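Undergrad: Using only what follows, build the 3D model:
(2 chains)
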There are 2 protein chains.
Amino acid sequence: MSWNPMTQKVIAKQVLVVGLGLIGGSFAKALKNNGVCDRVLGSTRSASTLQKALANGVIDWGTITLAEAAAQLHEGDVVLLATPTLTVPQCLSELKDVLMRGVIVTDAASVKGDLAAKAVKLFGRMPAHLVLGHPIAGSEKSGIDAINENLYQNHRVILTPSPETNRNSLGKVVQLWESVGAIVSEMSVEEHDRILAATSHLPHVLAFSLVDALAKRSEQRDIFTYASGGFRDFTRIAGSDPQMWHDIVLANREAILAALDDFENSLDQLRQAIDARNGHRILQIFTEAKAARDKFSVLLVEREKNHPAIKKT
Amino acid sequence: MSWNPMTQKVIAKQVLVVGLGLIGGSFAKALKNNGVCDRVLGSTRSASTLQKALANGVIDWGTITLAEAAAQLHEGDVVLLATPTLTVPQCLSELKDVLMRGVIVTDAASVKGDLAAKAVKLFGRMPAHLVLGHPIAGSEKSGIDAINENLYQNHRVILTPSPETNRNSLGKVVQLWESVGAIVSEMSVEEHDRILAATSHLPHVLAFSLVDALAKRSEQRDIFTYASGGFRDFTRIAGSDPQMWHDIVLANREAILAALDDFENSLDQLRQAIDARNGHRILQIFTEAKAARDKFSVLLVEREKNHPAIKKT
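TA: Coordinates of the predicted model:
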């Protein structure tokens, strides 16, 4: 299923990207450059974003009306929905007809369970040509000015197909992502949401909370003046788009609350150890955490070196 | 009080650095290079560290016995104690005689209240030539191999003099730090410990706790495999030296527990908003946190541009 530039040129005649921010725009630009589709279409609600996207060669053709874009599509074309999480269901609803005609629709929303449930509600079952997915390539930056055609190089994309998903449609989505350099994995909707709650949503909740707590203090300016590089890195994700993260925490509420429970249990154990001056226990927790973090560093280095296309089925 | 290379050459005839890890070794190396003291002495308990320090030109002379180093010192020489937090009082005790003879002693421990209390216990009052301090230039790296002579460039050093502190001794310590590129501020011991608990100690406690919670999960490998750049940055400080952080949380226990209270209040409010699907409140918290974090980013950029020597008295 892996895409090979020597044997295969065009993966899809047309790809429509809905939402031309960091995620959608970077995908569109990369496809414009690698030539795996004949035409890259764009749809955005912002006229100024559309103008920039056309001027910067992000898309070949664009519109501010999703319906107008949908009218351009034929069977086998692919749509990437890269709008804010909570607006994806509305887009799906507007694309109902083309989806039924064999146009393949995938998305980039950070939460999959919420969307899968809404799709089933909308269509009565999971449509065969709907391939839910999530590129793990966010940044605290957002918007069309953050577009980077190399954004997906060596980054992971998780697809969460259901038993109803058409295997050819799934294959096309895999190839498109691989053509822009991504490493594609497949897993269940539930597994995706549980893992992302732990590794992404929970850290954002903690970073927003910490900065919120510090900002309320009277000595706020001093606190920031004397903060170090560790603080800068730790709180970087608190600079992320509030609306986007509002959408994500509402969409993945249950998994995030469960991850918070886990974290609060660990924090409570550490707090008790500090309170009781239990140096042995403190050292044990820190040592185990450092060992796990060091293991993660090794994984990261390996990933950057080997770019392995690990697939889970 | 600011050090000026055109008007003043030698700040102290001899500087002894006790502990030749990242903090002490980087200070020694920078002084060896800038020529503001005639001789840089080093003391470390590790014979192999001592050999490396001599071989790499970090110090001019060294020993593995603090007493032997102390015997070299005269009035007006300066000692930097850069050993682990909890071993600083033992060093102070061994330097009691030279401190009384007018040798200036400063330190680099991350917590000041605990040490000030121990010094008063040891000497009956704060010695005039003891200038407690803290360079905010840590890293998750440590040890002699991490030494970087530019470590202190544009980094802040907080000194916490008491009413008993000799102003000339304080001035010399300020000049030494400025000579290696640091921005020196002065504040009370209590203010230092409260600010550092919030900006450094608490984030470390949270990062260790989060990684600890995730490492306990059965799907640990998956969690790390799909973690993003945000997670990498957020958890970087969980790779810090466990023994060092064990020492710090024990030494600054009260201020850390108070900062944890603040954080847990904020987290609890956010948790309740998520639980209640209170989108308005979630958005408000995220928006305020992002605004505060963006303000911090501006401060960081300013600091790197202007290198201002802001002093509080």
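Undergrad: what residue ranges in chain A score low on pLDDT?
TA: A:1-8, A:138-140, A:303-313 (pLDDT under 70).
Undergrad: tell me, which helix in it spans the most residues?
TA: For chain A, the helix reaching the highest residue count under DSSP state H is reported as helix A:279-306.
Undergrad: In that one, which residues are buried?
TA: By 16 or more other C-beta atoms under 10 Å in any protein chain shown, the buried positions in helix A:279-306 come out as A:281-283, A:285-290, A:292-293, A:296, A:300, A:303. (Glycine included, C-beta is placed from N, CA and C.)
Undergrad: what residues does stretch A:197-204 touch?
TA: Stretch A:197-204 has contacts (C-beta atoms under 8 Å, 6 or more residues apart in numbering or on different chains) with A:110, A:136, A:138, A:237-238, A:240, A:245, A:248-249, A:252, A:255-256, A:258-260, A:262-263, B:210, B:214, B:217, B:223-224, B:226-228, B:230-231, B:234-235.
Undergrad: List the residues that contact A:Thr83.
TA: If you count contacts by C-beta under 8 Å, 6+ apart, A:Thr83 has them with A:Val18, A:Gly19, A:Gly24, A:Cys91.
Undergrad: Distance-wise, check the residue in the stretch 1-150 of chain A that chain B sits nearest to relative to A:Asp261.
TA: In the stretch 1-150 of chain A, the residue that lies nearest chain B is A:Ile136 (4.9 Å; C-beta to the nearest C-beta). Computed as C-beta to C-beta, to the nearest Å, the A:Ile136 to A:Asp261 distance reads 24 Å.
Undergrad: Give me the more crowded residue out of these two.
TA: Neighbours were counted for A:Ile136 and for A:Asp261 using other C-beta atoms under 10 Å in any protein chain shown; A:Ile136 has more, 25 against 12.
Undergrad: if I pick the more buried one, what's in contact with it?
TA: Each residue near A:Ile136 by C-beta under 8 Å, 6+ apart is listed here: A:His155, A:Arg156, A:Val157, A:Ile158, A:Leu196, A:Ser200, B:Tyr226, B:Ser228.
Undergrad: Residues in contact with stretch A:281-288: which ones?
TA: The contact list for stretch A:281-288 (C-beta under 8 Å, 6+ apart) reads A:266, A:269-270, A:273-274, B:208-209, B:212, B:215, B:242-243, B:245-246, B:249-250.
Undergrad: what distance separates that stretch from the centre of its chain?
TA: Taking C-alpha atoms, centre = their mean, to the nearest Å, one finds the center of stretch A:281-288 at 33 Å from the center of the full chain.
Undergrad: Extract the CA atoms of that stretch and return them as CSV.
TA: Written as CSV, here are the backbone C-alpha positions of stretch A:281-288 (Å, rounded to 0.1, in the frame of the first residue of the first chain):
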residue,chain,number,x,y,z
ARG,A,281,9.7,7.6,47.8
ILE,A,282,10.4,11.0,46.1
LEU,A,283,13.7,9.7,44.7
GLN,A,284,12.0,6.5,43.5
ILE,A,285,9.2,8.4,41.6
PHE,A,286,11.7,10.8,40.0
THR,A,287,14.1,8.0,39.0
GLU,A,288,11.3,5.9,37.4
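Undergrad: For chain B, what's its nearest residue on the stretch 51-200 of chain A.
TA: For the stretch 51-200 of chain A, the residue positioned closest to chain B under C-beta to the nearest C-beta is A:Thr199, at a distance of 4.2 Å.
Undergrad: does chain B sit close to stretch A:169-181?
TA: No. Contact check for stretch A:169-181 against chain B, using C-beta under 8 Å from any C-beta of the partner chain: none in range, with a minimum separation of 14.6 Å.
Undergrad: same check, this time on stretch A:257-266
TA: Yes. Stretch A:257-266 lies within reach of chain B by C-beta under 8 Å from any C-beta, at A:Leu257, A:Leu260, A:Asp262, A:Phe263, A:Asn265, A:Ser266.
Undergrad: Grab the nearest non-local neighbour of the fourth one.
TA: Just to be clear, that refers to A:Phe263. The spatial neighbour of A:Phe263 that comes closest, neighbours along the chain excluded (C-beta to C-beta, 6 or more residues apart in numbering or on different chains), is B:Ala213 at 4.8 Å.
Undergrad: Tally up the residues packed near that neighbour, please.
TA: 24.
Undergrad: What residues of stretch A:97-112 count as buried?
TA: Under the neighbour-count criterion of 16+ other C-beta under 10 Å, stretch A:97-112 has A:Val98, A:Leu99, A:Val103, A:Ile104, A:Val105, A:Thr106, A:Asp107, A:Ala108, A:Ala109, A:Ser110, A:Val111, A:Lys112 buried.
Undergrad: first to last residue in it, what's the distance?
TA: Across stretch A:97-112, the straight-line distance between its terminal residues is 22 Å, by C-alpha to C-alpha, to the nearest Å.
Undergrad: That stretch and chain B, are they touching?
TA: No. Stretch A:97-112 lies apart from chain B when judged by C-beta under 8 Å from any C-beta; the minimum separation is 10.4 Å.
Undergrad: about what we covered before: in strands, which of the contacts of A:Thr83 appear?
TA: Secondary structure from DSSP state E places A:Val18 of the contacts of A:Thr83 in strands.
Undergrad: What strand or helix carries A:Ala67?
TA: Following DSSP states H and E, one finds A:Ala67 within helix A:66-70.
Undergrad: what's the helix or strand just after that helix packed up against?
TA: Moving toward the C-terminus from helix A:66-70, the first helix or strand encountered (DSSP H and E) is strand A:78-81. Contact here means 3 or more C-beta pairs under 8 Å, 6 or more residues apart in numbering or on different chains; DSSP states H and E; on that basis strand A:78-81 packs against strand A:12-18, helix A:88-94, strand A:104-107, helix A:167-179.
Undergrad: which strands and helices sit next to the first one?
TA: Taking 3+ C-beta pairs under 8 Å, 6+ apart as contact, the helices and strands that strand A:12-18 lies on are helix A:22-34, strand A:37-43, helix A:66-70, strand A:78-81, helix A:167-179.
Undergrad: ok, it: who's next to it in the sheet?
TA: The strands that strand A:12-18 pairs with in its sheet are strand A:37-43 (parallel), strand A:78-81 (parallel) (by DSSP bridges).
Undergrad: Could you look over the ones you listed and pick the most buried one?
TA: Taking mean count of other C-beta atoms under 10 Å in any protein chain shown as the contact definition, the stretch among those with the greatest mean neighbour count is strand A:78-81, which reaches a mean of 27.
Undergrad: can you put the buried residues of stretch A:97-112 in TSV and add distance to B:Thr63?
TA: TSV is the format used below for the buried residues of stretch A:97-112 (distance: C-beta to C-beta, whole Å):
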residue	distance to B:Thr63
A:Val98	79
A:Leu99	77
A:Val103	77
A:Ile104	72
A:Val105	72
A:Thr106	66
A:Asp107	65
A:Ala108	61
A:Ala109	62
A:Ser110	57
A:Val111	60
A:Lys112	62
